[in-house]
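**Student:** Below are the sequence and a predicted model for it; my questions follow.
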Amino acid sequence: MYLHFSESAIQEINRRIPPNAIIRLVWDVEGCGCALSGVAALHAQNTRTPDDVDAESNAFTVQYDPRKEVFFEDRMTVDYQPSRGSFILKSSQQTYNAAMRLVSFCA
């Protein structure tokens, strides 16, 4: 999996999280009722998650759960919309989340 971060996404993420943080692309199913009804989100954390794998990226260390890879495409873009204050996860085929949040678990 490859995640391209736009310049505006890079600037906003750098503003919000520590420089050495790891970004985790998650398929969040909390409150959705079903694993198929999840929503993409970004989590920032200080340490690696043991069973996760690394995605390629133009800007950050990014991890994801390989069991959730089926919900994503091989190449995606993370953009940031300042007017909405949210991130967008998209590919050339679809928009995964037009109001994606970044949750920081960094101390």
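**Tutor:** Yes, it's here.

**Student:** ok, S92 to D74 distance?
**Tutor:** 11 Å (C-beta to C-beta, to the nearest Å). Glycine gets a C-beta too; all of them are placed from N, C-alpha and C.

**Student:** Could you pull out the buried residues of stretch 72-82?
**Tutor:** F72, M76, T77, V78, D79, Y80 (16 or more other C-beta atoms under 10 Å).

**Student:** Those: which two are farthest apart?
**Tutor:** Pairwise distances across those (C-beta to C-beta) peak at 18.7 Å, for the pair F72 and Y80.

**Student:** How much space separates the closest residue to A41 other than its chain neighbours from N20?
**Tutor:** Nearest non-adjacent residue to A41, counting by C-beta to C-beta, 6 or more residues apart in numbering: D28, 4.6 Å away. Separation of D28 from N20 (C-beta to C-beta): 24 Å.

**Student:** Could you do F71 as well?
**Tutor:** Following C-beta to C-beta, the distance that separates F71 from N20 is 27 Å.

**Student:** do the same with C106
**Tutor:** With C-beta to C-beta as the criterion, C106 and N20 are 9 Å apart.

**Student:** more crowded one of the two?
**Tutor:** Using other C-beta atoms under 10 Å as the criterion, C106 and N20 rank with C106 on top: 14 against 8.

**Student:** dump the residue contacts of the more buried one.
**Tutor:** I17, P18, A21, A44, Q45, N46 (C-beta atoms under 8 Å, 6 or more residues apart in numbering).

**Student:** in which helix or strand would I find it?
**Tutor:** Following DSSP states H and E, one finds C106 outside all helices and strands.

**Student:** okay, it: pLDDT?
**Tutor:** The confidence metric pLDDT takes the value 89 at C106.

**Student:** Need phi/psi at it.
**Tutor:** phi -80, psi 140 (degrees, to the nearest 10).

**Student:** For it, give its distance to R67.
**Tutor:** Counting by C-beta to C-beta, the gap from C106 to R67 is 24 Å.

**Student:** Quick one: residues contacting the residue nearest to S86 when sequence neighbours are not counted.
**Tutor:** Leaving aside its chain neighbours, S86 sits nearest to A99 (4.4 Å; criterion: C-beta to C-beta, 6+ apart). Counting by C-beta under 8 Å, 6+ apart, A99 makes contact with R84, S86, I88.

**Student:** Kind regards, and thank you for your time.
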